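**Student:** Generate a structure from the sequence data that follows.
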Amino acid sequence: MRWRSIGACVVAVLLSGPGCAPPPGTPVGYDAIFVRDRVQRWALQVGEQDYLQLLLHPDLYVEADLQIEDRLYPSVGVRYMGQKRQPKRSLRIRFNEYLPGQRLHGVKRINLRSPGDDPTLVREAVAYDLMRAAGLPASRASLVTLSINGGESGVYALVEQVDRKFLEDRFGEKDGQLYMLERGGTLVYEGDDPGLYPESVYELKSDHPPELRSDLVDFIRVLDGPDADPWALAQVLDVEACLRLWALHAWLVNLDSYPGTADKLYLYRDEGGRFHTIPWDLNESFGLYRGQSCDLDTDARLARDPLDPTCGGERPLVDRLLEEPAWRDAYLDHLAELVDGALEPGRVMERIECWRRVSQDAALDDRLVEDYTYEQMQASFDEDLPVGDNPRRVPGLAPFVQARDAVCRRAVEER
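**Tutor:** Below is the predicted model of the structure:
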């Protein structure tokens, strides 16, 4: 497909001036990417051999053409992410994998996130909205439909990649060290040898020499080592933002996250040496997670005490903060502010209803949802599925919001 790549570059030159890359300093068109008043139509066309490679080697990019509405992006890189068992698997698209200057309104990479077991299809988009409304450095998100090789289309959450563009937009810099915690990234101190913290679990994402992972080990020692000191921790961690993130996770009962499964968290060490927490992978928010790491029935999830937000073992980045009386009080202050602000039930339901209206037609046409009818998908906004006291039922969004508001307000009032 090399001829097609060269041709695309020539077309780009004709359309945008010298070279394929956008001019330096060109602002990112976030509003053009994350469209919020409709569900955009995306379609991937992958060659037969490339599609076979995509299935056999999901961690490797293959070449594909991407149609977004009426615009073609030729020769993008695409790979799968996440669980293999789902008919609708998450994908990452890299616009410059084969055409170095190609961008989507200024960004190189984007994620199409499967809703997993969410019958509403909107949990992830709403959760990112709430994180951003709370002032946290969270990704932008919207909804798209995607088909591959003309097959059945499905609804995905379009989620901003956490990368240098993201860091520059949120922190005003981009040259620190970005780490991603995968499953088992507990941040429990195991010793000073960086080899005790596997790169597959504590993954250095930014373009830095691997030996700089020693800075992460230093952080873990301050957090959880034998001489751990909360005041030393405050010098190397944005504690307030971290507490606010844990308050959001607790309200959302998002147990498929660092407090629950010990993963799905970015840590950014800024150029001054201070760490910041960045949320990731929110599709099991609103009490959806039912995995082995936190095997709680639905009633237990709805009643989860926000002062006991972890499960499944040690989580020092939560435990050490909430053990310190001043930080525990600050955590409750954040929660008190949030339940009257970004998490006030009327405001949350307004966001949910907005995404419900936007997604209705696309959900009707989604042929990749195997477990639910369209009527059940729509009912799940308003009631548990199935209705009743089934211990494994999926919480409806409206009853979830009311339940969590009551539990969290009570925790704030009883402190």
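**Student:** Are we agreed that R328 is in a strand?
**Tutor:** No - counting by DSSP: H, G, I helix; E, B strand; the rest coil, R328 is located in no strand; its state is helix.
**Student:** Let me know the pLDDT of it.
**Tutor:** The model reports R328 with a pLDDT of 97.
**Student:** any idea what sits nearest it, other than its immediate chain neighbours?
**Tutor:** L322 (5.1 Å; CB to CB, 6 or more residues apart in numbering). All C-beta spots, glycine's among them, are computed from the backbone N, C-alpha and C.
**Student:** If you tally nearby residues, what's the number for D169?
**Tutor:** Counted with other CB atoms under 10 Å, residues neighbouring D169 total 15.
**Student:** wait, it sits on V28?
**Tutor:** Yes - taking CB atoms under 8 Å as the definition, D169 is a contact partner of V28 at 7.3 Å.
**Student:** Tell me if I'm right that N254 and N283 touch.
**Tutor:** No - here N254 does not reach N283: they are 9.4 Å apart, not a contact under CB under 8 Å.
**Student:** what sits in contact with each of those two?
**Tutor:** Taking CB atoms under 8 Å, 6 or more residues apart in numbering as the contact rule, the neighbours common to N254 and N283 are A127.
**Student:** sorry, back to before: next, the contact list for the residue nearest to R328, please.
**Tutor:** Contacts of L322 (CB under 8 Å, 6+ apart): 246, 307, 309, 328, 331.
**Student:** Check the secondary structure at it for me.
**Tutor:** helix.
**Student:** what's the distance between it and D329?
**Tutor:** Distance of L322 to D329, given as CB to CB, to the nearest Å: 10 Å.
**Student:** What residues does Y30 make contact with?
**Tutor:** By CB under 8 Å, 6+ apart, the contact list for Y30 reads 105, 140, 160.
**Student:** S142 too?
**Tutor:** 33-36, 40, 125, 157-158.
**Student:** Repeat the analysis, applying 10 Å as the threshold.
**Tutor:** Going by CB atoms under 10 Å, 6 or more residues apart in numbering, S142 touches 31, 33-40, 125, 128-129, 156-160, 355, 358.
**Student:** Confirm that it sits in a strand.
**Tutor:** Yes - assessed with three-state DSSP, S142 lies in a strand.
**Student:** What residue, apart from its backbone neighbours, is nearest L302 spatially?
**Tutor:** Excluding its sequence neighbours, the residue lying closest to L302 (CB to CB, 6+ apart) is A403, at 4.4 Å.
**Student:** what do you get for R41?
**Tutor:** Closest to R41 by CB to CB, 6+ apart is T145, at 5.5 Å.
**Student:** Quick check: that neighbour is in a helix.
**Tutor:** No - per three-state DSSP, T145 lies outside any helix segment and is strand.
**Student:** Surely it is in contact with Q67?
**Tutor:** No - using CB atoms under 10 Å, T145 is not in contact with Q67, being 11.7 Å away.
**Student:** between those two, who's got more neighbours?
**Tutor:** Neighbour count, other CB under 10 Å: between T145 and Q67, T145 has more, with 22 against 15.
**Student:** Quick one: low-confidence residue ranges for the chain.
**Tutor:** 1-26, 83-85, 210 (pLDDT under 70).
**Student:** Give the residues shared as contacts by L322 and D329.
**Tutor:** Joint contacts of L322 and D329 (CB under 10 Å, 6+ apart) are L243.
**Student:** Contact partners for L204?
**Tutor:** Residues counted as contacts of L204 (CB under 10 Å, 6+ apart) are 177-180, 210-213, 215-216.
**Student:** Correction: the previous question concerned L233.
**Tutor:** Taking CB under 10 Å, 6+ apart, one finds 219, 222-224, 239, 242, 275, 316-317, 320-321, 324, 327 in contact with L233.
**Student:** W231 too?
**Tutor:** E324.
**Student:** Assign D129 to helix, strand or coil.
**Tutor:** Per three-state DSSP, D129 ends up helix.
**Student:** before we move on, what about E63?
**Tutor:** The three-state assignment at E63 reads strand, by three-state DSSP.
**Student:** shared neighbours of D169 and V28, anything?
**Tutor:** E160.
**Student:** Tell me where the longest helix sits in the chain.
**Tutor:** Counting residues, the longest helix found in the chain (DSSP state H) is helix 345-365.
**Student:** Off-centre distance for that helix?
**Tutor:** Distance, stretch centre to chain centre, for helix 345-365: 19 Å (CA atoms, centre = their mean, to the nearest Å).
**Student:** buried sites along whichever strand or helix holds Q378?
**Tutor:** Counting by DSSP states H and E, the element that carries Q378 is helix 374-379. Residues of helix 374-379 classed as buried by neighbour count (16 or more other CB atoms under 10 Å): 377-379.
**Student:** just to revisit the earlier point, who are the packing partners of the longest helix of the chain?
**Tutor:** With contacts defined as 3 or more CB pairs under 10 Å, 6 or more residues apart in numbering; DSSP states H and E, helix 345-365 has these neighbours: helix 123-133, strand 141-148, strand 154-160, helix 374-379, helix 397-413.
**Student:** Thought Q102 was touching R94, still the case?
**Tutor:** Yes - between R94 and Q102 there is a contact at 9.3 Å, judged by CB under 10 Å.
**Student:** Okay then, goodbye and thanks.
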